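>>> sequence isn't available, so here's the structure alone:
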């Protein structure tokens, strides 16, 4: 069974804290993605990676960075958390190639207070 | 501005009715996908359409890809309460960038 695992389901952090969200996949996928999901806005792409140590900005990268040191792990970093980063964060992975299926984790609901 | 615009954003209908959800863009996509998301879970792929004009059926769900590969539709026949959920269309930009529409929240009332 394919699996994308996010390290936390729920997280509460204080404004200004550095926050790490971890995602691990066991399918040997080349691509990994980080999205945030807010009501009425769907899934917005923050960053994606198509290979180890490779990353590309998505549509809303400001305030975020990522790390992919190993193929199976993709980390999202909030350098200095702010209240407007309160959201549901979803990680996904897929094989390289057009039209391949993306598999999602269950999400991390992050609240910044 | 969303690259993929879905309509309607919310739809509430009675069991047994038919419905259509639309996904439109000004850009051409090599393929479009439809995902369904239930509360507390990540989205799950329903279908991928690749060829302009393509129609795919999944039981009571019919998916169509526009001839120009800029739009897609999802039609549900005789909707059931189990169809309730968030439906998302997605397309790949460039080599690997997977982008989503804002979603259609569908509620089927018994």
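Everything's here; your move. What you see is a predicted model; the values in this text were computed from it and never measured. Numbering: from 1, shown residues only, chains lettered A, B, ... in the order given.
>>> going forward, measure contacts and count neighbours with C-alpha atoms only.
Will do.
>>> gap between residue A:10 and residue B:101?
To residue B:101, residue A:10 is 25 Å away according to Cα to Cα, to the nearest Å.
>>> and residue A:46, by the same measure?
14 Å.
>>> for residue A:10 and residue B:101, indicate the residue with more neighbours.
Using other Cα atoms under 10 Å in any protein chain shown, the more surrounded residue of residue A:10 and residue B:101 is residue B:101, with 26 against 11.
>>> distance of the residue nearest to the more buried one when sequence neighbours are not counted relative to chain A?
Excluding its sequence neighbours, the residue lying closest to residue B:101 (Cα to Cα, 6 or more residues apart in numbering or on different chains) is residue B:4, at 4.6 Å. For residue B:4, the distance to chain A equals 10 Å [Cα to the nearest Cα, to the nearest Å].
>>> what of residue B:87?
Plainly put, residue B:87 is 10 Å away from chain A if you go by Cα to the nearest Cα.
>>> which SSE is that residue in?
strand B:85-93 (DSSP states H and E).
>>> re the thing from before, the residue nearest to residue B:101 contacts residue B:92, correct?
No - Residue B:4 is beyond contact range of residue B:92, at 10.8 Å (criterion: Cα atoms under 8 Å).
>>> which residues do the two both contact?
Counting by Cα atoms under 8 Å, 6 or more residues apart in numbering or on different chains, the residues touching both residue B:4 and residue B:92 are residue B:99.
>>> pLDDT on stretch B:39-54, on average?
Taken as a whole, stretch B:39-54 carries a mean pLDDT of 93.
>>> buried ones in that stretch?
Buried positions in stretch B:39-54, judged by neighbour count with 16 or more other Cα atoms under 10 Å in any protein chain shown: B:42, B:43, B:44, B:45, B:46, B:47, B:48, B:49, B:50, B:51, B:52.
>>> surely the fifth one meets residue B:32?
Spelled out, that is residue B:46. No - using Cα under 8 Å, residue B:46 makes no contact with residue B:32, being 11.0 Å away.
>>> for residue A:46, see how far away the residue nearest to residue B:101 is.
From residue B:4 to residue A:46 the distance is 16 Å (Cα to Cα).
>>> neighbours of the closest residue to residue B:17 other than its chain neighbours, how many?
Setting aside the residues directly before and after it, residue B:17 is nearest to residue B:78 in space (Cα to Cα, 6+ apart), at 5.0 Å. Using other Cα under 10 Å, residue B:78 is surrounded by 14 other residues.
>>> try residue A:90
Using other Cα under 10 Å, residue A:90 has 25 other residues around it.
>>> how about residues contacting stretch A:105-112?
Contacts for stretch A:105-112 (Cα under 8 Å, 6+ apart): A:3-15, A:21, A:23, A:81-92, B:40-42.
>>> next: stretch B:41-60.
By Cα under 8 Å, 6+ apart, stretch B:41-60 touches A:90, A:99, A:101-107, B:30-37, B:62-69, B:76-79.
>>> at 7 Å instead, please
A:99, A:101, A:103-107, B:30-37, B:62-69, B:76-77 (Cα atoms under 7 Å, 6 or more residues apart in numbering or on different chains).
>>> that's all I had, so thanks and see you.
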